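Asker: 3D model of this:
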Amino acid sequence: MKKLIIMIVIVAIIFVGMIIYKNVIIRNNTITIQEVERIEEYINQIYMWKEITNEALPVFDDINQAPDEWLWEVVKKNSEEDVLSNEQLKEKAKELFGEMFDKEIPEQGTKYLIPTEEKGKYQAIEVELDQQVDLFLLDKINKTENGYEVDIIEFLEDDNPMIGDEPENYILIKNLNNEEIAKTSGTSENEEKEIVKRNSEKFSKKKISLRKDKEKLYVEKVWR
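Answerer: Predicted coordinates:
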């Protein structure tokens, strides 16, 4: 029985990986399903909410030039503690952005990480979010000499659309201009991705340069 369950789990993981792989244009056929999954997992770690800097993923030429609010919110999002020391913040930042990251958190903190009475420690403050979920879809991947160049499509998912005072039982897919592109039942994540892919010209896109160091990925640059 245990062997059967293990086999079912393995088949499910392979199936999900194949769906992800099928939805992505691979510009270099040496890229594996595992690489695509690793890329998506990493971008999920750094992809935030538009409430932070008006973009879930801001544009920058170098990680050390990225907006402070976004940088330290990424660190906060990937930390488990509510109170973080300066050392913990720097350690987590290096883990997420690599050894080339050399920024210090501002002494006065940020909007969502404020200094505590204890010197060198910061209190994490919750971000007030709207009902729309900021999401991305992997579109194209090209393997480079030092990592990958990844194209993503950005979209919004409104899980609680209202008609008058009554919530509707469907999900709205919107672009970043808040324009409604499609409605879905929300029963299949792949259905939503297929809709975004079919209507890609109606959505915003970004390119991400990822550096690979051994088996870890680090964002270097984001542009349109």
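
Asker: residues of stretch 187-194 that come out buried?
Answerer: Residues of stretch 187-194 classed as buried by neighbour count (16 or more other Cβ atoms under 10 Å): 192-194. (Each C-beta comes from the backbone N, C-alpha and C, glycine too.)

Asker: please point out which parts of stretch 60-80 sit buried.
Answerer: 60, 63, 66-77, 79.

Asker: then stretch 180-187?
Answerer: Those would be 181-182, 184, for stretch 180-187 by 16+ other Cβ under 10 Å.

Asker: kindly report the same for stretch 102-114.
Answerer: Here stretch 102-114 shows 105, 109-110, 112-113 as buried, counting by 16+ other Cβ under 10 Å.

Asker: could you dump whichever strand or helix holds residue 41 to PDB, C-alpha only?
Answerer: Assigned by DSSP states H and E, residue 41 belongs to helix 33-46. Extracted in PDB, the C-alpha atoms of helix 33-46 (Å, rounded to 0.1, in the frame of the first residue of the first chain):
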ATOM      1  CA  ILE A  33      11.700  20.000 -16.100                       C
ATOM      2  CA  GLN A  34      13.600  20.200 -12.800                       C
ATOM      3  CA  GLU A  35      15.300  23.500 -14.000                       C
ATOM      4  CA  VAL A  36      11.900  25.000 -15.000                       C
ATOM      5  CA  GLU A  37      10.400  24.000 -11.600                       C
ATOM      6  CA  ARG A  38      13.400  25.500  -9.800                       C
ATOM      7  CA  ILE A  39      13.100  28.800 -11.700                       C
ATOM      8  CA  GLU A  40       9.400  29.000 -11.000                       C
ATOM      9  CA  GLU A  41      10.000  28.300  -7.300                       C
ATOM     10  CA  TYR A  42      12.700  31.000  -7.000                       C
ATOM     11  CA  ILE A  43      10.600  33.700  -8.800                       C
ATOM     12  CA  ASN A  44       7.700  32.800  -6.400                       C
ATOM     13  CA  GLN A  45      10.100  33.600  -3.500                       C
ATOM     14  CA  ILE A  46      10.800  37.100  -4.800                       C
END
